[in-house]
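A.B. asks: task: produce atomic coordinates for the following.
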Amino acid sequence: GIKGLWLMPVMPSADRDHGYATTHYRAIEPAYGTLADFDELLKQAHARGMGVVVDYVINHSAADHPMFRQALQGPSNPFHDWYVWAEDEPQGWNIWDKNPWYLTSTQPWNFKGEPKDLPPAPAGSKGFYFGTFGPHMPDFNLRKPEVRDYHFSSLRFWLNRGLDGYRLDAVPHMIENNAKDWNDQPESRRLTKELQDLIKAYPHRYVVCEATAEPQAYGDPAVCGGAFAFGYVHHFVDAALGKADAVKQLARYYSQARPTMATFVSNHDKFAGQRLWDQVQGDETRYKLAAAGYLLQPGTPFIYYGEEVGQGGVNTLQGDLPLRSPMSWTADPSRAGFTAADVNAANDFAIDVAYPNARKVVDACRSLGLPMIFVHWGCLFRDGMDLDPLVRKELQGQHGTNYAAWGHCVQDAASRPADHLGVRPRSEEHTSELQ
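C.D. replies: Numbering: from 1, shown residues only. Next up, the predicted model:
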């Protein structure tokens with residue numbers, strides 16, 4: 001069954017979306033609750049034999065983060081060199097069709113359009129900062145020991161509360177060398193290994209990295225020890241659609257890949273594809289076949305929320321938003337059980353998510369006396385565990401298959417003592433952001 005929960009960033013964020021523009025690394029987003037609520041979540045998950053993993057955004061902060069706001073005061077401020085600056089605009093840079101250097105004086109973090117549509121800086125302009133993912137998320141200067149130590153301390157803060165591990169976001173982008181050598185540099189791999197060692201110094205902890213260009217390299221214990229299998233996972237859908245080469249790739253992959261690779265069929269980023277329902281165009285048989293493919297292979301499958309009820313995307317929206325609509329909790333066609341609030345035309349898109357396919361699954365669960373989730377998925381979990389032991393061993397590989405909802409599975413939290421082996425006193429890592 002489900003052994004773990006992966007939570008997308010739960011820290012306060014400026015983006016009002018999916019949480020990757022962090023404004024405080026040692027607190028809980030108020031819309032989600034409090035630190036006490038988080039502690040209770042860990043307690044209840046562990047009591048049910050589940051671990052909890054959260055996203056940690058180390059490459060960048062929000063432009064609204066107090067440290068960046070202080071850094072804007074200039075070189076005399078102690079936080080200035082916690083970020084990456086250039087007096088003259090560096091030339092030759094192009095990251096995903098945009099220039100990642102932003103003219104500070106124009107306050108580009110307030111720009112509402114796509115970063116690539118920002119007007120170029122006038123010739124001779126002075127004072128630029130670097131942001132791989134856009135002007136609203138300036139990159140940390142991770143060459144600076146104090147910056148690394150700050151993040152090490154923040155990671156320990158959550159581990160000391162009993163957190164079971166991390167998804168490390170965008171680690172190949174932590175350190176850039178120049179306009180040509182900016183992605184997946186040796187310095188980023190070495191720092192990733194330091195992060196893995198810190199986290200796994202706590203017993204029974206888990207790490208998985210987002211590394212799109214060379215995922216298997218990051219799956220190596222010499223780097224991250226686990227990574228999402230970008231470049232491979234699309235074969236689950238292609239095989240379900242009847243493409244013969246994809247079937248061959250599925251059969252071949254784990255004969256070479258490490259069993260710590262993590263699989264999925266959709267996630268919160270559009271570059272990884274549409275929601276599974278949309279990828280198979282609502283074909284339930286192919287939907288189930290794709291699910292069986294990634295849930296029963298070796299490795300750690302990650303189930304993106306809504307997949308278990310056939311939730312599709314709100315594909316009238318732009319960017320990543322179609323993938324991030326609220327969960328369909330009930331069969332209510334107007335609110336999907338997500339809210340009891342009145343709905344008006346201005347925010348219909350935000351909650352009109354009880355897709356017909358999701359409603360049908362919800363109704364089927366109710367008719368069977370089941371909770372809202374898991375029909376086909378539940379059968380796969382059960383059948384995967386009831387296989388002949390030799391067959392199961394072959395399917396699971398050396399380290400086994402663990403299932404995760406909205407994320408990942410860690411080692412069985414139920415086997416851990418109630419005080420969480422290896423957890424240090426909470427006082428060791430404090431909550432202060434500006435030290």
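A.B. asks: all contacts plus neighbour counts: C-alpha atoms, from now on.
C.D. replies: Will do.
A.B. asks: against Ile95, how distant is Thr132?
C.D. replies: 7 Å (CA to CA, to the nearest Å).
A.B. asks: per-residue pLDDT of Gly378, please?
C.D. replies: For Gly378, the model assigns a pLDDT of 57.
A.B. asks: name the nearest residue to Ser13, sequence neighbours excluded.
C.D. replies: Distances taken as CA to CA, 6 or more residues apart in numbering place Thr22 nearest to Ser13, at 4.4 Å, with adjacent residues excluded.
A.B. asks: and the helices in the stretch 151-300 of the chain, which stretches?
C.D. replies: Along the stretch 151-300 of the chain, the stretches classed as helices by DSSP state H, counting those that start in this stretch are 186-200, 215-219, 234-240, 244-253, 276-279, 284-296.
A.B. asks: including mean pLDDT, mean neighbour count and distance to Leu5, could those helices go into a markdown table?
C.D. replies: Formatted as a markdown table, those follow (pLDDT from 0 to 100; neighbours: other CA atoms under 10 Å; distance: least, CA to CA, whole Å):
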| stretch | mean pLDDT | mean neighbour count | distance to Leu5 |
| --- | --- | --- | --- |
| helix 186-200 | 98 | 18 | 17 |
| helix 215-219 | 96 | 23 | 20 |
| helix 234-240 | 96 | 21 | 22 |
| helix 244-253 | 95 | 14 | 25 |
| helix 276-279 | 92 | 22 | 20 |
| helix 284-296 | 92 | 20 | 15 |
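A.B. asks: switch those helices over to CSV; also include distance to Gly4.
C.D. replies: Shown next, in CSV, are those (distance: least, CA to CA, whole Å):
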stretch, distance to Gly4
helix 186-200, 17
helix 215-219, 19
helix 234-240, 22
helix 244-253, 24
helix 276-279, 21
helix 284-296, 14
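A.B. asks: among those helices, which comes closest to Ile28?
C.D. replies: helix 186-200 (20.1 Å; CA to CA).
A.B. asks: what's the closest one in contact with?
C.D. replies: Applying CA atoms under 8 Å, 6 or more residues apart in numbering, the external contacts of helix 186-200 come out as 152, 155-156, 159, 165, 171-175, 205-207, 218, 222-225.
A.B. asks: which of these are buried?
C.D. replies: 152, 155-156, 159, 165, 171-175, 205-207, 218, 223-225 (16 or more other CA atoms under 10 Å).
A.B. asks: mind listing what Thr104 touches?
C.D. replies: Neighbours of Thr104 in contact, by CA under 8 Å, 6+ apart: 127-129.
A.B. asks: distance check, the residue nearest to Gly299 when sequence neighbours are not counted against Leu296.
C.D. replies: In space, and not counting its chain neighbours, Gly299 is closest to Pro259: 4.7 Å by CA to CA, 6+ apart. In this view, Pro259 and Leu296 are 13 Å apart by CA to CA.
A.B. asks: just Ala336 next, same as before
C.D. replies: Ala336 is 30 Å from Leu296, by CA to CA.
A.B. asks: how many neighbours does the residue nearest to Tyr25 when sequence neighbours are not counted have?
C.D. replies: Of all residues not flanking Tyr25 in the chain, Met11 sits nearest, at 6.0 Å (CA to CA, 6+ apart). Met11: 23 surrounding residues under other CA atoms under 10 Å.
A.B. asks: which secondary structure element contains Met11?
C.D. replies: Met11 belongs to no helix or strand when assigned by DSSP states H and E.
A.B. asks: tell me who's in contact with it.
C.D. replies: Per CA under 8 Å, 6+ apart, neighbours of Met11: 19, 22-29.
A.B. asks: 6 Å instead, please
C.D. replies: 27-29 (CA atoms under 6 Å, 6 or more residues apart in numbering).
A.B. asks: roughly how far apart are it and Ala31?
C.D. replies: 10 Å.
A.B. asks: any chance of a markdown table for the contacts of Met11, columns pLDDT?
C.D. replies: Shown next, in a markdown table, are those (pLDDT from 0 to 100):
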| residue | pLDDT |
| --- | --- |
| Ala27 | 97 |
| Ile28 | 97 |
| Glu29 | 95 |
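A.B. asks: from these, which ones fall inside helices?
C.D. replies: Judged by DSSP state H, the contacts of Met11 include no members of helices.
A.B. asks: that older thread, around the residue nearest to Gly299, how many other residues sit close by?
C.D. replies: 21.
A.B. asks: now it, what are its backbone angles?
C.D. replies: phi -70, psi 0 (degrees, to the nearest 10).
A.B. asks: same deal with the one 10 residues further on?
C.D. replies: Phi and psi for Asp269, reported as degrees, to the nearest 10, are phi -110, psi 130.
A.B. asks: can you check Ile95 too?
C.D. replies: The phi/psi pair for Ile95 (degrees, to the nearest 10) is phi -120, psi 110.
A.B. asks: separation between it and Tyr254?
C.D. replies: 32 Å.
A.B. asks: for Ile199, same thing?
C.D. replies: Ile199 is 26 Å from Tyr254, by CA to CA.
A.B. asks: any weak-confidence spans in this structure?
C.D. replies: 331-335, 339, 341-435 (pLDDT under 70).
A.B. asks: need the nearest residue in space to the residue of it most remote from its centre, chain neighbours excluded.
C.D. replies: Going by CA atoms, centre = their mean, the residue of the chain most distant from its centre is Gly124, 39.2 Å out. Spatial nearest neighbour of Gly124, excluding adjacent residues (CA to CA, 6+ apart): Asp88 at 7.6 Å.
A.B. asks: now swap in Val237 and tell me
C.D. replies: Ala290 is the one closest to Val237 (CA to CA, 6+ apart), at 5.3 Å.
A.B. asks: quick check: that neighbour touching His235?
C.D. replies: No: at 8.9 Å, Ala290 does not count as touching His235 under the criterion of CA atoms under 6 Å.
A.B. asks: any idea how far apart the tips of stretch 53-71 sit?
C.D. replies: Across stretch 53-71, the terminal residues are separated by 31 Å (CA to CA).
A.B. asks: and for that stretch, what's in contact with it?
C.D. replies: Contacts for stretch 53-71 (CA under 6 Å, 6+ apart): 6-9, 21-23, 79-80, 136-140, 164-169, 174.
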